[in-house]
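Visitor: sequence plus the predicted model coming up.
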Amino acid sequence: MKKLVIGVGLAVAAMSQVYAADMMALAKSKNCLACHAVNKQLVGPAYTAVAAKYAGKPGAEATLVNAVLHGVSGVWGPVPMPANPQVTPAQAKELVTWILSLKK
């Protein structure tokens with residue numbers, strides 16, 4: 001039983017790494033990484049800072065999906081986040097779900 005638990009734990013960890021790599025690839029392909037990074041501020045906030053700011057807030061996912069798709073200004077300072085027409089609503093939801101899962 002102990003080997004099964006360890007094996008399942010390793011499988012979950014491996015799947016998490018694959019998921020993170022897939023989300024990073026999607027973010028890169030949609031030019032998100034031109035302004036954002038996971039753990040440091042660039043032009044826009046770090047994804048971990050976004051996750052911390054919106055942790056546990058009702059409607060956070062919908063708010064962030066809307067920001068990705070349509071742009072937003074004044075949330076993180078004077079530099080606006082532009083709309084991202086190259087990102088589909090489904091892709092925005094995937095990216096936001098991943099971002100909200102990140103921890104500092």
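Guide: Happy to help now that I have it. Since the structure is predicted, the reported quantities are computational estimates derived from the model, not experimental observations.
Visitor: and V68, how close does it get to V18?
Guide: 22 Å (CB to CB, to the nearest Å). Every residue, glycine included, has its C-beta placed from N, CA and C.
Visitor: ok, these two, which is more surrounded?
Guide: V68 (22 against 10; other CB atoms under 10 Å).
Visitor: pretty sure that one is touching A92, no?
Guide: Yes - in this structure V68 lies within contact range of A92 using CB atoms under 8 Å: 4.2 Å.
Visitor: mutual contacts of those two, please.
Guide: Counting by CB atoms under 8 Å, 6 or more residues apart in numbering, the contacts common to V68 and A92 are N84.
Visitor: mind listing what L64 touches?
Guide: Contacts of L64 (CB under 8 Å, 6+ apart): 50, 54, 96, 99-100.
Visitor: 10 Å - rerun?
Guide: Counting by CB atoms under 10 Å, 6 or more residues apart in numbering, L64 touches 50-51, 53-54, 57, 72, 75, 92-93, 95-97, 99-100.
Visitor: try P80
Guide: 44, 71-74.
Visitor: same for the helix or strand containing A92, what does it pack against?
Guide: Following DSSP states H and E, one finds A92 within helix 89-101. Packing partners of helix 89-101 (3 or more CB pairs under 10 Å, 6 or more residues apart in numbering; DSSP states H and E): helix 2-29, helix 47-54, helix 60-70.
Visitor: who's in contact with the closest residue to M23 other than its chain neighbours?
Guide: Nearest residue to M23, sequence neighbours excluded (CB to CB, 6 or more residues apart in numbering): W98, at 4.1 Å. Taking CB under 10 Å, 6+ apart, we find W98 in contact with 19-20, 22-24, 26-27, 38, 47, 51.
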